[in-house]
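A.B. asks: okay, sequence plus prediction incoming.
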Amino acid sequence: MWLKTIIARFQLRRYQSQVKSVARNFPADLMKPRSILICLPAGLRELTMVKSFLPTINYLYKPADITLLALPGIKVTDIYPRKGIQLLTPTVEQLSWSGLPKRSFLKSLQENKFDMLLDMSMEPSDFISAVLLSFPQAVRIGRGNHLGSPYYNFEIKTKYLRDERNIYRSMLATIGQIVNRNIDNAVAADANTQ
């Protein structure tokens, strides 16, 4: 197992060296994405929390197409609705020996022309890191003190360290303030569904 990790990290460093910095225009780049990829966490508890925040994300980016990307081996079709949201879960054939996505999988993702990636994972994942690096033109958002640059070009720091629900709420509230949408009602609705 450690050999796979070493090889994956080596490949990620190679990907990092190939990523060219793209000038961003914040906050304008956050305003009207057309297609959003949400990288889901691995844990069942976190998956359930992210599901409860989907109405908030839909509210923030109403006209955008939203796609959820699960980690390999995580079955999310039982948790997430199939109506209105596209779910992607890579198969074993779409992974390299080291666990990173194969280039063919990354190319199929890139065909969707995602202009925003929202990383909702709480633990570092080599798979998600490789996906983030394959979209240098997109706005890549993640929580602060997690992966940092070059994986994210927009980090949201919160005062919460281990409280996943409040981390998600804080991230979405910050995005809501930037895009000038009051998400208090949407977040309150999320809280009432708990």
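C.D. replies: Great, that's in hand.

A.B. asks: got the contact list for residue 97?
C.D. replies: By C-beta atoms under 8 Å, 6 or more residues apart in numbering, the contact set of residue 97 is 4, 7. C-beta coordinates here come from the backbone N, C-alpha and C atoms, glycine included.

A.B. asks: switch the cut-off to 7 Å
C.D. replies: residue 4 (C-beta atoms under 7 Å, 6 or more residues apart in numbering).

A.B. asks: return the helix or strand in this structure with minimum mean pLDDT.
C.D. replies: helix 184-192 (a mean of 50; mean pLDDT, DSSP states H and E).

A.B. asks: what pairs with the most centrally placed residue in the chain across the strands?
C.D. replies: With distances taken as C-alpha atoms, centre = their mean, residue 119 lies nearest the centre of the chain, 2.4 Å away. Per DSSP bridges, the residues bridged to residue 119 are residue 39.

A.B. asks: pretty sure it sits against residue 142.
C.D. replies: Yes - taking contacts as C-beta atoms under 7 Å, residue 119 lies within contact range of residue 142: 4.0 Å.

A.B. asks: picking up where we left off before, residues touching the residue nearest to the centre of the chain, list them.
C.D. replies: 39, 128, 132, 141, 142.

A.B. asks: go ahead and confirm the fourth one touches residue 118.
C.D. replies: I take that to be residue 141. Yes - between residue 141 and residue 118 there is a contact under C-beta under 7 Å: 5.0 Å.

A.B. asks: what about the two, which has more around it?
C.D. replies: residue 118 (25 against 22; other C-beta atoms under 10 Å).

A.B. asks: specify the local secondary structure of residue 48.
C.D. replies: helix (DSSP: H, G, I helix; E, B strand; the rest coil).

A.B. asks: count of neighbours near residue 103?
C.D. replies: Residue 103: 10 surrounding residues under other C-beta under 10 Å.

A.B. asks: that one and residue 58, how far apart?
C.D. replies: Going from residue 103 to residue 58 by C-beta to C-beta, to the nearest Å gives 31 Å.

A.B. asks: for stretch 77-90, give me every contacting residue.
C.D. replies: Residues contacting stretch 77-90 (C-beta under 7 Å, 6+ apart): 47-48, 51, 66-70, 72, 74, 76, 101, 105.

A.B. asks: tell me the buried residues in it?
C.D. replies: Across stretch 77-90, burial judged by 16 or more other C-beta atoms under 10 Å covers 79, 80, 85, 88, 89, 90.

A.B. asks: same thing with stretch 106-125?
C.D. replies: Buried residues in stretch 106-125, counted by 16+ other C-beta under 10 Å: 106, 109, 114, 115, 116, 117, 118, 119, 120, 121, 122, 125.

A.B. asks: and the furthest pair within the residues you listed?
C.D. replies: The largest separation in these, counting by C-beta to C-beta, is between 115 and 122 at 24.3 Å.

A.B. asks: for this protein, which segments are assigned as strands?
C.D. replies: Assigned by DSSP state E, the chain shows strands spanning 35-39, 65-69, 86-88, 116-119, 139-143, 154-156.
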